[in-house]
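J.: Have a look at this prediction, sequence included:
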Amino acid sequence: MAWMMGAGMKIDLNKILSCDRTIPQTKLSLRKRQSKAEKLLGPISWESEVAGYVQCPGQHLHTTPTRLKDCRVTIDNVPTIFCFHQQCSRIIAPLNQKLRSKIGKGRSFGPTRALSQSKAAQDGIRQRVKGCLPHILQKYSWSPSEAFEQSPTPLGDNVRQDWRLQFTLFAKAEGHVWNGGKYDSGKPHHARNFKTSGEWLSQARPLGAFTCPSTFKPGAISRSNNQVASQPFLVVESDIQSHGETCSLFNWMREFLQLRAIVNTGNKSLHGWFERPTPEQRTELKSILPALGFDRAMFTPSQPCRLAGVVRPDTTPDPLLGVPVYQSLLWLDLEGVA
């Protein structure tokens, strides 16, 4: 299972995932899992056997009103505490590590069925990755502030120009880049939402808050899979992991894929832009990344994602600073692209 990156560099995934042999794993009953979670977090209002709502341990740090269901805990797969508010992330992140340590490797408590050999192999990889999560987060720890400071391409203070830097990633890509609102697709007048990278860079401003990691055929008016011309990037995102945990996982992925950009979406997730994986890598990543809490929808070639340098359309101004919430670049590498 040797993966290739860059100029013939081989990465042995078995070596990366060998940590699961040294991490003690326990398979606990649902009742014991619930008990351990409540002992760590306090009373939990269970909406199902494996998920419930809890008072956020970092509630005192929230800058907007806290609602009853803002903080959710799950105890299957990768046990996770997720709070809608980001100000509490420094409290939530270490608690997630404690929760996963106490519960151990996740199990799926849903219906079971006979597995094919291929499916069984994929499930084996997923289970190994789940067991490795605490090790990965510790070994590859990388905070958002560290990522910003270490960005290979310097990022200035003018976040409003970040969209130009992001579109520059497509400088050598074949096809047209899509930009617009999430539903700007499929009608004749949407032809204006498809331009080459150079054409976008000649514009005064972008047309919307979304773009796509794939390019589209000349003349396309629809952001659809059958109109995709090339897939130069894979975008990875998680609504479950904190920003710090997501950055650490991106740092781990740099072992076998080249990271080109990290976009702060202005809300609960970060988007990691990686160079296109090989078909073999893509197949394995479809098993690995969802096991780590990443959204499998991003494997869809025409899936939209956030464009940096644009005000996030579904937010109100920051309550402390009184300024709009921008989607912004956190890390960028344009070497060999521009």
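T.: Looks like it arrived, so ask away. Residues are numbered from 1 along each chain as shown.

J.: hey, where'd the strands end up in the stretch 151-300 of the chain?
T.: 176-180, 194-195, 210-216, 228-230, 233-237, 259-264, 270-275 (DSSP state E, counting those that start in this stretch).

J.: out of the ones you listed, which comes closest to Val78?
T.: strand 233-237 (15.1 Å; Cβ to Cβ). Where you see a C-beta, it was placed from the backbone N, CA and C, and this is true even at glycine.

J.: and the closest one, how far from the chain's centre?
T.: 7 Å (Cα atoms, centre = their mean, to the nearest Å).

J.: What of stretch 161-176?
T.: Distance, stretch centre to chain centre, for stretch 161-176: 20 Å (Cα atoms, centre = their mean).

J.: Any buried residues in that stretch, and which?
T.: The neighbour-count check on stretch 161-176 (16 or more other Cβ atoms under 10 Å) flags 162-170, 173, 175-176 as buried.

J.: Can you say which two of those residues are spatially most distant?
T.: Pairwise over the buried residues of stretch 161-176, using Cβ to Cβ, the maximum falls at Asp162 and Gly175, 22.2 Å.

J.: would TSV of the buried residues of stretch 161-176 with distance to Gln34 and pLDDT be doable?
T.: As requested, the buried residues of stretch 161-176 are exported to TSV (distance: Cβ to Cβ, whole Å; pLDDT from 0 to 100):
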residue	distance to Gln34	pLDDT
Asp162	43	96
Trp163	45	97
Arg164	50	97
Leu165	46	97
Gln166	43	97
Phe167	48	97
Thr168	49	97
Leu169	45	97
Phe170	48	96
Ala173	49	91
Gly175	50	95
His176	51	97
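
J.: Tell me the one of these nearest Pro206?
T.: Trp163 (5.0 Å).

J.: quick one: the closest one and Leu307 touch, right?
T.: Yes: assessed by Cβ atoms under 8 Å, Trp163 is found in contact with Leu307 at 5.4 Å.

J.: Next, show the common contact partners of those two.
T.: Common neighbours of Trp163 and Leu307, counting by Cβ atoms under 8 Å, 6 or more residues apart in numbering, are Pro206.

J.: quick one: which of the buried residues of stretch 161-176 sit in helices?
T.: Using DSSP state H, 162-168 are the members of the buried residues of stretch 161-176 that sit in helices.

J.: Relative to Pro218, which of these is nearest.
T.: Nearest to Pro218 among these, counting by Cβ to Cβ, is Phe167 at 17.2 Å.
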